[in-house]
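Enquirer: quick one, what's the 3D model for this:
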Amino acid sequence: MDNVLKGQIAIITGSSSGIGAGVAKALAKAGATVIVNHSSAKSKDEAEAVLKEITDAGGAGTVIQCDVSKEEEVTQLFADVVAQYGTVDILVNNAGLQRDAKFDEMTLEQWNTVISVNLTGQFLCARAAIREFLRRGPRPEVSLATGKIICMSSVHEVIPWAGHINYAASKGAIKMLMQSLAQEYGDRQIRVNSICPGAIQTPINRAAWETPQALNSLMSLIPYNRIGQPQDVGNLAVFLASDLSDYITGASIFIDGGMTVIEPFATGG
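Expert: Numbering: from 1, shown residues only. Next up is the predicted model:
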């Protein structure tokens with residue numbers, strides 16, 4: 001899928017590491033100019049390292065700091081990208097975090113932190129992207145769609161997750177956000193879809209794979225018998241951002257090695 005995104009500008013939120021970094025690298029390889037977003041000064045070096053890997057491989061992009069839970073910072077992010085590159089064609093709403101606790105012990109701060117980044121952040125960025133898509137109208141020379149939004153959801157938009165209720169609630173809400181946006185803006189040729197990863201080998205879930213015992217336990221949930229990699233998600237993001245998927249909108253696409261088929265039932269449950 002080389003150059004299927006040539007000439008397009010892509011913002012990937014939370015792309016200084018993990019899945020976001022994998023998506024940024026994949027979109028850049030496919031020809032997009034990528035905005036590697038990070039949330040704070042602490043993650044600037046990681047973001048710069050991701051961009052260096054992209055440019056060393058012949059790709060193009062820039063690094064911009066933005067906390068997606070803050071309206072004024074999201075507004076400035078999009079203003080800066082439009083000022084520098086003229087527009088935005090692709091938004092990958094990837095930024096997300098966890099603040100895990102048993103429900104009866106969960107604090108309001110833990111709840112609000114996860115909802116603010118995982119859900120409100122996607123609302124703010126999607127709103128800014130759609131406003132830009134509507135402002136500039138179609139660009140048929142680069143894409144059949146007027147704009148593309150990819151929401152990073154999770155298998156936990158359909159699989160309940162005890163001990164992580166704030167996270168699961170945010171992902172369930174993303175499903176309705178995505179589908180409602182696809183419904184509302186489909187007639188303007190704005191496509192909105194979700195990627196729903198299962199277990200991907202990133203720092204956010206290190207405890208699930210860093211020891212042989214933990215990895216073996218994880219494999220009991222995955223029929224395909226391997227942990228996913230950020231590049232797997234990046235490859236799917238390229239497809240969803242390209243004209244190869246032009247008739248796909250309002251869809252949750254699971255990339256989970258089969259986790260959602262509930263592997264423990266393979267032998268009768």
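Enquirer: and the longest helix for the protein?
Expert: Longest helix in the chain by number of residues, with DSSP state H as the criterion: helix 165-185.
Enquirer: please identify the buried residues of that one?
Expert: Residues of helix 165-185 classed as buried by neighbour count (16 or more other C-beta atoms under 10 Å): 165-175, 177-179, 181-182, 185. C-beta coordinates here come from the backbone N, C-alpha and C atoms, glycine included.
Enquirer: try stretch 107-118
Expert: For stretch 107-118, the neighbour count (16+ other C-beta under 10 Å) marks 110-111, 113-118 as buried.
Enquirer: tell me the one among the residues you listed nearest to Tyr85.
Expert: Val117 (25.1 Å; C-beta to C-beta).
Enquirer: my read is the closest one is in a helix, agree?
Expert: Yes - under the criterion used here (DSSP: H, G, I helix; E, B strand; the rest coil), Val117 sits inside a helix.
Enquirer: the closest residue to it other than its chain neighbours: neighbour count?
Expert: In this structure, Val117 finds its nearest non-sequential neighbour in Ser69, 4.9 Å apart by C-beta to C-beta, 6 or more residues apart in numbering. Residues lying near Ser69 (other C-beta atoms under 10 Å) number 21.
Enquirer: quick one: contacts for Ser69?
Expert: By C-beta atoms under 8 Å, 6 or more residues apart in numbering, Ser69 lies in contact with 116-117, 120-121, 124.
Enquirer: a markdown table for these, including distance to Ile150 and pLDDT?
Expert: Shown next, in a markdown table, are the contacts of Ser69 (distance: C-beta to C-beta, whole Å; pLDDT from 0 to 100):
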| residue | distance to Ile150 | pLDDT |
| --- | --- | --- |
| Ser116 | 20 | 98 |
| Val117 | 17 | 98 |
| Thr120 | 18 | 98 |
| Gly121 | 14 | 98 |
| Leu124 | 16 | 98 |
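Enquirer: so what's the gap between the longest helix of the chain and the chain middle?
Expert: Its chain's C-alpha centre lies 13 Å from the corresponding centre of helix 165-185 when counted by C-alpha atoms, centre = their mean, to the nearest Å.
Enquirer: tell me how far the residue nearest to Val117 lies from Gly172.
Expert: 19 Å (C-beta to C-beta, to the nearest Å).
Enquirer: picking up where we left off before, as a whole number, average confidence for the helix or strand following the longest helix of the chain?
Expert: The helix or strand immediately downstream of helix 165-185 is strand 190-197, counting by DSSP states H and E. What strand 190-197 shows for mean pLDDT is 98.
Enquirer: which other helices and strands contact strand 190-197?
Expert: Where contact means 3 or more C-beta pairs under 8 Å, 6 or more residues apart in numbering; DSSP states H and E, strand 190-197 is packed against helix 121-136, strand 147-152, helix 165-185, helix 230-241, strand 252-255.
Enquirer: okay, now Arg191: neighbour count?
Expert: If you count neighbours by other C-beta under 10 Å, Arg191 ends up with 26.
Enquirer: tell me the contacts of it?
Expert: The contact partners of Arg191, by C-beta under 8 Å, 6+ apart, come to 145, 147-149, 182, 240, 245-246, 248-249.
Enquirer: what about 10 Å?
Expert: Applying C-beta atoms under 10 Å, 6 or more residues apart in numbering, we find Arg191 in contact with 90, 143-150, 181-182, 185, 240-241, 245-251.
Enquirer: which of these count as buried?
Expert: 90, 143, 145-150, 181-182, 185, 240-241, 245, 249, 251.
Enquirer: put together CSV for the helices and strands packed on strand 190-197, with distance to Ile35 on each row.
Expert: Formatted as CSV, the helices and strands packed on strand 190-197 follow (distance: least, C-beta to C-beta, whole Å):
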stretch, distance to Ile35
helix 121-136, 11
strand 147-152, 14
helix 165-185, 20
helix 230-241, 14
strand 252-255, 23
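Enquirer: of those, which is nearest Asp56?
Expert: Checked against C-beta to C-beta, the stretch from these lying closest is helix 230-241, at 16.6 Å.
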